[in-house]
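**Student:** Sharing a model that was predicted from the sequence below.
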Amino acid sequence: FGSQLHAQTSVPQSARELRGSWIATVHNINWPSQPGLPIAQQQAELKRLIQSAHDHGLNCLIFQVRPAADALYESKIEPWSCYLSGLMSLPPSPKWDPLEFAIREAHSHGIELHAWFNPYRAMAGDRFAPSANHVRRQHPEWTIKYGKDWWMNPGLPEVQQRVIDVIADVTRRYDVDGIHMDDYFYPYRIAGKEFPDSVSYQQYGKGLTKDDWRRSNVDSVIVALSRMIKQTKPWVKFGISPFGVWRNSDKDSRGSNTKAGQTNYDDLYADILLWLEKGWIDYVAPQLYWEFGHKAAPYEVLIDWWGKHTY
């Protein structure tokens, strides 16, 4: 039946599909269910998530290990995450490493484990205080308050290097199958409020427009990570799960026939198309959360557009 279906529809058969799901740790969205749980309960919850993924036929889990300049693994660069214990930098007791545990459990079920990093978010809200070894305390000059969150300034070379160092450390030390980033590069625009990076733009802009300079800052990190990953472990995939609209066609003839209020290129300064064209990333999983017929960003328009721009 499968071969007949293939002959009738000419659907290309993938060597291996990626059927994945995220495990979000920021704000304890997916895991752990709340901070400060006993270790045995944290481990049991994580095992249930991985077992459920297996039972539903998934073959990839994307595990958020750095939600806000912190670590869901043992790191000498950044503090233990507050989402584990409720207190930033407090190590698990008894000692265990959630990333190592998740990799082992996923692999035992035939599931890939991709480590998911948020490159620039420094603090997600103000529920938890930064520890002495957090970037907000160690390098406050690297950070910017925008809306309710603190951000590491992508325009600073020191910040770009920190992102590369953190991800290189995990790539070297852990048996991850992929390195993953989602849509948070520069923060989503807040109406009437400009991201306050004019000082670093004056210092490092080098004649570029501010928009082009911001995009070049993100591009620099992506290409550096791509090279690092391929030099360190060529089999590790580098994937991005961007906001679902690269650019609207009224701004760019290559863009999609959409009317999104914000886009990757113009607002988040993430030129996904360039990264795909250059081969800097191995996969793209756009966040297409809109329904068929949506008035601003129809699902059917966008899935077709991304399908035609995979290079």
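**Tutor:** In hand now; what should we look at?
**Student:** measure residue 155 to residue 255 for me?
**Tutor:** Per C-beta to C-beta, to the nearest Å, residue 155 is found 25 Å from residue 255. Any C-beta I mention is one placed from the backbone N, CA and C, and that applies to glycine too.
**Student:** which one of these two has more residues nearby?
**Tutor:** More crowded of residue 155 and residue 255, by other C-beta atoms under 10 Å: residue 155, with 24 against 20.
**Student:** so who does the more buried one touch?
**Tutor:** 197, 200, 201, 204, 213, 214, 217 (C-beta atoms under 8 Å, 6 or more residues apart in numbering).
**Student:** 6 Å instead, please
**Tutor:** Residues counted as contacts of residue 155 (C-beta atoms under 6 Å, 6 or more residues apart in numbering) are 197, 200, 204, 217.
**Student:** Kindly state the pLDDT recorded for residue 29?
**Tutor:** With respect to pLDDT, residue 29 scores 97.
**Student:** Determine the number of other residues adjacent to it.
**Tutor:** 13.
**Student:** Would you map the strands across the stretch 201-311 of the chain?
**Tutor:** Counting by DSSP state E, counting those that start in this stretch, the stretch 201-311 of the chain has these strands, from start to end: 237-240, 283-284.
**Student:** can you list contacts of the last one?
**Tutor:** To tie it back to what came earlier, the one meant is strand 283-284. With C-beta under 6 Å, 6+ apart, strand 283-284 has contacts from 239, 240.
**Student:** thinking again about what came up before, next, format the strands of the stretch 201-311 of the chain as CSV and append distance to residue 272, mean pLDDT and mean neighbour count.
**Tutor:** CSV is the format used below for those (distance: least, C-beta to C-beta, whole Å; pLDDT from 0 to 100; neighbours: other C-beta atoms under 10 Å):
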stretch, distance to residue 272, mean pLDDT, mean neighbour count
strand 237-240, 6, 97, 21
strand 283-284, 6, 96, 18
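**Student:** Out of those strands, which is closest to residue 39?
**Tutor:** strand 237-240 (30.1 Å; C-beta to C-beta).
**Student:** and the helix or strand hosting residue 46, which residues are buried?
**Tutor:** Using DSSP states H and E, residue 46 sits within helix 39-55. Across helix 39-55, burial judged by 16 or more other C-beta atoms under 10 Å covers 42, 43, 45, 46, 49, 50, 53, 54.
**Student:** Identify the residue spatially nearest to residue 249, adjacent ones excluded.
**Tutor:** Nearest residue to residue 249, sequence neighbours excluded (C-beta to C-beta, 6 or more residues apart in numbering): residue 255, at 4.3 Å.
**Student:** pLDDT value on residue 9, please?
**Tutor:** 53.
**Student:** which one of the strands of the stretch 201-311 of the chain lies closest to residue 176?
**Tutor:** strand 237-240 (9.2 Å).
**Student:** Can you name every helix or strand that the closest one contacts?
**Tutor:** strand 178-181 (3 or more C-beta pairs under 6 Å, 6 or more residues apart in numbering; DSSP states H and E).
**Student:** Off-centre distance for the strand it packs on?
**Tutor:** Mean-position distance between strand 178-181 and its chain equals 6 Å (C-alpha atoms, centre = their mean, to the nearest Å).
**Student:** outside of it, which residues touch it?
**Tutor:** 62, 114, 115, 116, 117, 167, 229, 237, 238, 239, 240.
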